[in-house]
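In: Fold the following.
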Amino acid sequence: MLSGGMGVNAQSELTLPFMNNVFQNTYLNPAVRSEHSVSIGLPALSSLQFQVIHNGFVPYCFLNIEGNTLRIIPDKLDGQLRKRNMLFANADIDLFHIKLRVQNWDVWYGIRQNHEVSLFYPKSMVSMLVEGNVQPGESSMDFTPLGLNGSLYREHTLGASTEWGKWTFGGRVSLLHGLTNIYLNPERLEISVEDDMYALGVNSNATLKTSGLPGDSLTNINFDLFKTSDDISIGSFADLRNFLEDNYAANYLTRFRNPGFALSGAVSYKYDSRTTFTFAFSDLGFISWSDSTKAYSLKGQHEFRGLDLLAEALAGNEVPGDTLIQDFLDNFDTQEDFEFSYRTWLHPKFYLSATYQLAQRTHVGVNLYAVVNRRFYPAFTVGITQGVGRVFDVALSASLNQRTLSNIGLGLMVKPGPFQIYMLADNLYAPLVDPLTFTNINLRVGINLVFGRVKTPQGLPYK
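Out: As a prediction, this is how the structure comes out:
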């Protein structure tokens, strides 16, 4: 079956949905039904996923390689950028899962740890870097699209699916506990050049919020634990335990102080013996942050004339990093808040797919996918999957995604005995063959233990 979709928090996993017999597909499509009655994932055999996306530009549009010379054409870069552009990075670890077939039901429980950061930057910021702080006419530069959302959280999910005639229904409920978050989404942030001295005028209504960071304020984040190698060297298990108990990291990964909730669901309809349609949504939910929260607000109209680093250096004065930060912040009217709560939303994903079975273990399909991460990001995928006997599956996909057409995906699954080993990659072609077309890459590898068969084998006539 072919489909395309996103995993947790906006990542494009466009090949994973092709692999129906891999448990991790249920995170995208809870209605998926594998041919194994039992699937188990253990921490020592974790599934690892990594992804990077940038969608502000396609490099070849403003970069040109002539011989050994790389030419940059700034004007073409400016034409590529949208009002708001995104740089996204994600890394996920599947810590544990167990899936069982009970009569006509698949039921499962899983634990994942998710790490992701979305950085949003406005076109005006890049224009300022290219052109310098030259005032563009009489208007101010709009930096309001600037944003940041970085999170580390764990997910406990319980799911089930069942068949009813030509229909298959699936869903899962996820309980989330947030560990760390940094969040910025300005209501207003405008920059202008005030006079011939190029002082920057700021008209703002912006608040940076954090949860789960060490220290007692945003300007006093405590990283003294890591100043020297002696501070981080651990000589024994007792030393490690004392180190964790005496410092901020105590019970960090197991605490449950920032609760969240998410829903995912799917429905499939088998139109005839060969054609299936599927609709699915995932990660419709939020996290409420209340542990060690801090907020730093910048409101009103202010002026910043810079930091005189050269004068301090010529005078032989040492300027510590925290002093630089404080000197910068002293230019503005700011307000710092503590002990409050705020909420961040996950990025819901939706996809609609149609698949057709060409042969016993050959499927082709098309998929329309969308994710919402402060704006609407669509993708379109076509692909084919082929099974060979009972021990090998391969999937090949091509996608229109993140402003490029050359998104080629490859998935492989081999099954020696009870071990199900799988490797998936989206868009390896661009970074390896044509890096000037690179806008995204996604990799996933893992091992599951699988037992039993609940479907009549449909393999080719050899084993």
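In: In the stretch 251-400 of the chain, what residue spans correspond to strands?
Out: Here the stretch 251-400 of the chain has its strands, by DSSP state E, counting those that start in this stretch, at 259-270, 275-289, 294-304, 334-338, 342-345, 349-359, 362-372, 376-388, 392-401.
In: For the protein, give me the ranges with low pLDDT.
Out: Filtered on pLDDT under 70, the chain yields the residue ranges 1-12, 130-139, 194-199, 214-252, 304-338, 403-404, 406, 454-463.
In: In space, not sequence, find me the middle residue of it.
Out: The C-alpha lying nearest the average C-alpha coordinate of the chain belongs to N90 (Cα atoms, centre = their mean; 3.8 Å).
In: Looks like that residue contacts F50 (just checking).
Out: Yes: using Cβ atoms under 8 Å, N90 is in contact with F50, at 7.2 Å. The way it works is simple: take the backbone N, C-alpha and C, and place the C-beta from them, glycine included.
In: buried ones in stretch 281-291?
Out: Buried residues in stretch 281-291, counted by 16 or more other Cβ atoms under 10 Å: F281, S282, D283, L284, G285, I287, S288, W289, D291.
In: hey, what's I40 bridged with?
Out: Listed by DSSP bridges, the beta-bridge partners for I40 are I98, L449.
In: Please settle this for me: is the residue nearest to the centre of the chain part of a strand?
Out: Yes: under DSSP: H, G, I helix; E, B strand; the rest coil, N90 sits within a strand.
In: Could you give the bridge partners of it?
Out: Counting by DSSP bridges, N90 is bridged to Q51, E116.
In: and the gap between it and I441?
Out: With distances taken as Cβ to Cβ, to the nearest Å, N90 is found 11 Å from I441.
In: Repeat that for F120.
Out: Taken as Cβ to Cβ, the span from F120 to I441 is 20 Å.
In: What are the phi and psi values at T26?
Out: The phi/psi pair for T26 (degrees, to the nearest 10) reads phi -70, psi -20.
In: err, F18, not the other one
Out: Per degrees, to the nearest 10, the backbone of F18 is at phi -70, psi -20.
In: One more: the one 3 residues further on?
Out: With angles defined as degrees, to the nearest 10, N21 sits at phi -90, psi 0.
In: quick one, what contacts it?
Out: Taking Cβ atoms under 8 Å, 6 or more residues apart in numbering as the criterion, N21 is in contact with S34, E35, H36, D393, M413, Q420, V450.
In: what's the burial count for D94?
Out: When neighbours are defined as other Cβ atoms under 10 Å, D94 has 24 of them.
In: re earlier: wait, which of the strands of the stretch 251-400 of the chain is closest to N181?
Out: With Cβ to Cβ, the closest approach to N181 among these belongs to strand 275-289: 5.3 Å.
In: tell me what that closest one is packed against?
Out: strand 5-6, strand 167-184, strand 259-270, strand 342-345, strand 349-359 (3 or more Cβ pairs under 8 Å, 6 or more residues apart in numbering; DSSP states H and E).
In: redo that, cut-off 7 Å
Out: With contacts taken as 3 or more Cβ pairs under 7 Å, 6 or more residues apart in numbering; DSSP states H and E, strand 275-289 sits against strand 167-184, strand 259-270, strand 342-345, strand 349-359.
In: who touches the third one?
Out: What it means is strand 342-345. N149, S151, N181, Y183, K209, F286, I287, S288, W289, T293 (Cβ atoms under 7 Å, 6 or more residues apart in numbering).
In: let's see it at 8 Å
Out: Residues from elsewhere that reach strand 342-345 (Cβ under 8 Å, 6+ apart): 149, 151, 181, 183, 209, 211, 285-289, 293, 295.
In: Can you give me the buried ones in that strand?
Out: Of all the residues in strand 342-345, those buried under the rule 16+ other Cβ under 10 Å are Y342, T344, W345.
In: closest to F261 among those?
Out: Using Cβ to Cβ, W345 comes nearest to F261 of the buried residues of strand 342-345, at 11.0 Å.
In: From W289, how far out is that closest one?
Out: W345 sits 12 Å away from W289, going by Cβ to Cβ.
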